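Undergrad: task: produce atomic coordinates for the following.
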Amino acid sequence: MYAATKILFKFDIRKKNKTMKTKLLFASAIVAVMFIANAFTTNGQDFYLKTPKGYTFIPSGSRMENGKAIAVQAFFIASTEITNGQYNAYLADLKKQNNTADYAIANCRNENWKSYQLPIAINYQLLKDYPVVNISKEAALLYCKWLTAKLENENKDLIFEVRLPTKAEWEWAALGGIGSSDYPWESSKYTDVSRFPAQYNNTLKQPTGPCNVMQYNENGYKLYGMAGNVAEIIGDADMVKGGSWNSGANELKIYSEELYQVSPTVGFRPIITFIAKNKQ
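TA: This next block holds a predicted model:
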């Protein structure tokens, strides 16, 4: 049986070349149950955890949408889109385990590059710092399941849940702490669409494909590529968010969305929504 109520996190966040340690305390059993799961009961235990490598802490909060408050609980999110390097390590592990069923689902559909005829498509999957593309939502979910097991194996006294972000969580992270903006940066700073700090298809150039996941500056939450590069799969809807290297300026907007499809323009970015002490 698992148990938790007061959950005390300790996060390491870099800001202005200094390390800040932020503690988030869920003191209420009600909040704990909302954020975690009904299987957990009160025992008043605190514990500490550093931010997982490659992830960024996003604080809880709320914003207004069409006159309605949209609340989001705190979570960790991958600082970049999942890369070819990360995903290839997953595929290699499936092979090692002889997990042919999951491998068949997870394998990249690289034949989809044929529609674009881009030089970057040749051996694209070997570009380890570029976002993985041509995978299905089911494949992304299997990656999250695999990463959950991997984290728990490395931290046997903790319970992890890795999953795709909801639409509300993704939009909250994309805002980067800005109260209101069309884009993951302050809109007033970038009025010329040809100069947006993102990999997208503007009126001055032909599409060239994805780029290094850290090529452009981060948003206010230190997240790379929340607009452009590849659109990102959403967990609670059949859609992608953020636009891609082949999108126009309007598709880069935080609240824009497109229908999900397996494509060279689509990747994903998981979140960790729950970390707790494992009581056995």
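
Undergrad: low-confidence regions, the chain specifically.
TA: 1-49, 188-194, 203-204, 279-280 (pLDDT under 70).

Undergrad: show me the helices in it, by range?
TA: When assigned using DSSP state H, the helices of the chain occupy the ranges 29-35, 84-96, 100-106, 137-154, 167-175.

Undergrad: among those helices, show me which one is buried the most.
TA: Neighbour counts (mean count of other Cβ atoms under 10 Å) averaged over each of the helices of the chain peak at helix 167-175, with a mean of 23. No exception for glycine: its C-beta is placed from N, CA and C like everyone else's.

Undergrad: which strands and helices lie in contact with that one?
TA: For helix 167-175, the packing partners by 3 or more Cβ pairs under 8 Å, 6 or more residues apart in numbering; DSSP states H and E come out as strand 55-58, strand 61-65, strand 68-72, strand 75-78, strand 239-241.

Undergrad: can I get those strands in JSON lines including distance to Ile254?
TA: JSON lines is the format used below for the helices and strands packed on helix 167-175 (distance: least, Cβ to Cβ, whole Å):
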{"stretch": "strand 55-58", "distance to Ile254": "14"}
{"stretch": "strand 61-65", "distance to Ile254": "10"}
{"stretch": "strand 68-72", "distance to Ile254": "12"}
{"stretch": "strand 75-78", "distance to Ile254": "14"}
{"stretch": "strand 239-241", "distance to Ile254": "8"}
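
Undergrad: so for Ala139, which of those strands sits nearest?
TA: Proximity to Ala139 (Cβ to Cβ) singles out strand 239-241 among the helices and strands packed on helix 167-175, at 14.1 Å.

Undergrad: name the residues that touch the closest one?
TA: With contacts defined as Cβ atoms under 8 Å, 6 or more residues apart in numbering, strand 239-241 is touched by 167, 170-171, 174, 231-234, 254, 256-260, 266.

Undergrad: how about the nearest residue to Glu138, chain neighbours excluded?
TA: Sequence neighbours aside, Ile105 is the residue nearest to Glu138 in space, at 5.5 Å (criterion: Cβ to Cβ, 6 or more residues apart in numbering).

Undergrad: and the one you found, what does it touch?
TA: Ser136, Glu138, Ala139, Leu142.

Undergrad: check Asn134 too.
TA: With Cβ under 8 Å, 6+ apart, Asn134 has these contacts: Cys108, Arg109, Asn110, Asn112, Trp113, Val262, Ser263, Pro264, Val266.

Undergrad: just give the number of residues close to Gly67.
TA: 5 (other Cβ atoms under 10 Å).
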